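**Student:** no sequence on hand, only this structure:
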Ligand SMILES: O=P(O)(O)OC[C@H]1O[C@H](OP(=O)(O)OP(=O)(O)O)[C@H](O)[C@@H]1O
Ligand code: HPA
Ligand SMILES: [Mg+2]
């Protein structure tokens, strides 16, 4: 059964990016990533929990053989604003020294999570450390970050779906949508 904005009742305001648009964009990004890592041993690191869907779909769109690891960090808790304080809830299982590492994210909002992750993982001396994110909010950036692969630049609105949550809900929507302000007290 397909879930659409109408099925979500009044919780969703609109669909911002459809499942079809996400699939097409991930195929495009995967081709570029394949070209970059040809002949290299690539470790992709998903940032839990939001990046689960992007990791699963991007990994399957890649032709490059990869190994996968996960890191769990949280800076949002149950709210719609980053606390700025990043907590490691689960560290990597892998030693990344000398490895080619690609961080996979669902969204770069303030950039605080990724900026912290880049310096944390960077200090472990990987051979290379790059980033692929499905979404980015340029107007929300609090720190400038160099990101190799970006799916979509989106407006500065709180979004849910395709891994992204509000208070742990809506992660399983197959599309990215905006949440009606009344849901989070806006
Ligand atoms: O650029 P920023 O402002 O730091 O925001 C981006 C981060 O926030 C979200 O994670 P969250 O902390 O909500 O955890 P979750 O992935 O478990 O939802 C998202 O998945 C990113 O990791
Ligand atoms: O817009 C967002 N939606 C859900 N989670 C998030 N984490 C950072 N930004 C967002
Ligand atoms: Mg979240």
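**Tutor:** Thanks, I have it. Computed from a predicted structure; not experimentally measured. Ligands and ions are numbered 1, 2, ... in the order given.
**Student:** for burial, what's the neighbour tally of the residue nearest to residue 23 when sequence neighbours are not counted?
**Tutor:** Nearest residue to residue 23, sequence neighbours excluded (CB to CB, 6 or more residues apart in numbering): residue 57, at 7.3 Å. All C-beta spots, glycine's among them, are computed from the backbone N, C-alpha and C. Look at residue 57: counted by other CB atoms under 10 Å, it has 18 neighbours.
**Student:** spatially nearest residue to residue 105, not counting backbone neighbours?
**Tutor:** Per CB to CB, 6+ apart, closest to residue 105 is residue 133, 4.1 Å.
**Student:** can you tell me which helices and strands the strand or helix carrying that neighbour packs against?
**Tutor:** Assessed by DSSP states H and E, residue 133 sits inside strand 128-136. On a contact count with 3 or more CB pairs under 8 Å, 6 or more residues apart in numbering; DSSP states H and E, strand 128-136 meets helix 19-36, helix 52-61, strand 100-108, helix 112-122, strand 149-153.
**Student:** can you rerun that using 10 Å?
**Tutor:** If contacts are counted by 3 or more CB pairs under 10 Å, 6 or more residues apart in numbering; DSSP states H and E, strand 128-136 sits against strand 12-17, helix 19-36, strand 42-48, helix 52-61, strand 100-108, helix 112-122, strand 149-153.
**Student:** so it, near ligand 3 or not?
**Tutor:** No - between strand 128-136 and ligand 3, judged by CB under 5 Å from the ion, nothing touches; the nearest distance is 12.5 Å.
**Student:** so residue 133 is in contact with residue 146, correct?
**Tutor:** No - between residue 133 and residue 146 there is no contact under CB atoms under 10 Å: 11.8 Å.
**Student:** give me the neighbour count for residue 52.
**Tutor:** 18.
**Student:** check contacts around the residue lying closest to it once chain neighbours are set aside.
**Tutor:** Leaving aside its sequence neighbours, residue 52 sits nearest to residue 163 (CB to CB, 6+ apart; 5.4 Å). Taking CB atoms under 10 Å, 6 or more residues apart in numbering, we find residue 163 in contact with 46-57, 105-107, 134-135, 170-173, 176.
**Student:** give me the distance between the nearest residue to residue 122 once chain neighbours are set aside and residue 102.
**Tutor:** Nearest non-adjacent residue to residue 122, counting by CB to CB, 6+ apart: residue 129, 5.6 Å away. Distance, residue 129 to residue 102, by CB to CB, to the nearest Å: 8 Å.
**Student:** looking only at neighbour counts, state which of those two leads.
**Tutor:** More crowded of residue 129 and residue 102, by other CB under 10 Å: residue 102, with 24 against 18.
**Student:** mind listing what the more buried one touches?
**Tutor:** Residue 102 neighbours (CB under 10 Å, 6+ apart): 33, 36-37, 42-46, 58, 62, 64, 66, 126, 128-132, 148-149.
**Student:** report the central residue of this protein.
**Tutor:** Nearest to the geometric centre of the chain sits residue 106, at 1.5 Å (CA atoms, centre = their mean).
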